[in-house]
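[1] Here is a sequence with its predicted model. Questions after.
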Amino acid sequence: MMSLDCRIPLEKIALIQSDLGLPENFRDCLIPKYPEIFSVKIVNGSEHLNLERWDSTLAVTAREESLDVTILEPESKKPLQRDGNFPGPHAFKMKYAPGFRPNVSYLEEVHKWQKMAFPSPYLSARRIDPVTPQARKRAVAVLHELLSLTMEKRLSSHKLDSFHNEYQLPCKLLLCLVKNHGIFYITNKGARSTVILKDAYDGCHLVVKCPLLQFQDKFVSLIGRPCPNLNNQIAV
């Protein structure tokens, strides 16, 4: 639903199938079960997963679902927050590194950015001028939503970048991620780095685990091994 033409090459879905919790044979066992939603079409010589039915009830981002409407206040009444957070309908949750000390001018820019309205990731990117500030903020929202759809709220940067054309991601993806370090955490520099959604973690632990990860934890505990720990991999 977020892709440019509502279709994605099957080989790219296969690239992140484990991150999405899909079975290895999803092409044959899963897609045919839902012909009213999906179809497989040949585009430019390769198989693409095509969306047959748009569902407006699903066109709500994880960021929007997590908004606490009870604390939304008029912008004029909310002072600058040193942590970069702002209780507005267009704001993202910020989690800066403990040692980060932003100055006033930086916070003012963040505050201005947090207030700025932008198009939904589920609105066709063809309608949006990519050079506008709103389009650049939308790109951050697309990355946020893509990571939110994965089981562990993280993907390697090369996997993210492989969807550049389908989601019109920033040309300088790494620069975009680094610039928004209050939202994304990058484990290492380079093409094989891992991008982690900060607001999905409390320290090194996922705040909410999907049923598949919960089942995995139970299975691991039954065989007498400790649950996987990310302490040596990330420091959000």
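    Alright, I've got the coordinates. Numbering: from 1, shown residues only.
[2] Show me this protein divided up by domain.
    Following automatic domain parsing, the chain resolves into domains at 1-59, 74-236.
[3] give the contact list for residue 139.
    Shown in contact with residue 139 (Cβ atoms under 8 Å, 6 or more residues apart in numbering): 168, 169, 170, 176. C-betas here are computed from N, CA, C, even on glycine.
[4] and the residues you listed, which of them are in helices?
    Members of the contacts of residue 139 lying in helices (criterion: DSSP state H): residue 176.
[5] Need the winner for burial among the domains of the chain.
    Of those, the one with the most neighbours on average (mean count of other Cβ atoms under 10 Å) is domain 74-236, at a mean of 15.
[6] show me where this structure has strands.
    7-9, 38-43, 46-51, 154-156, 184-186, 194-197, 201-202, 205-206 (DSSP state E).
[7] and the second one, average pLDDT?
    Over the span of strand 38-43, the pLDDT mean works out to 96.
[8] can you map out the helices along this structure?
    10-15, 17-20, 26-29, 62-65, 104-115, 133-148, 157-161, 164-167, 173-179, 211-222.
[9] And those: which comes nearest residue 88?
    With respect to residue 88, and counting by Cβ to Cβ, the nearest of those is helix 104-115 at 5.6 Å.
[10] Report the beta-bridge partners for the nearest residue to residue 13 once chain neighbours are set aside.
    For residue 13, ignoring the flanking residues on the chain, the nearest one in space by Cβ to Cβ, 6 or more residues apart in numbering is residue 49 at 6.0 Å. With DSSP bridges as the criterion, residue 49 is bridged to residue 8, residue 40.
[11] which residues touch residue 49?
    By Cβ under 8 Å, 6+ apart, the neighbours of residue 49 are 7, 8, 9, 10, 13, 31, 38, 39, 40.
[12] coming back round to it: rank the domains of the chain by pLDDT, which is bottom?
    Per-stretch mean pLDDT for the domains of the chain is lowest at domain 74-236 (a mean of 87).
[13] distance between it and the chain's centre?
    6 Å (Cα atoms, centre = their mean, to the nearest Å).
[14] swap in stretch 42-53?
    Centroid separation for stretch 42-53 versus its chain: 23 Å, with Cα atoms, centre = their mean.
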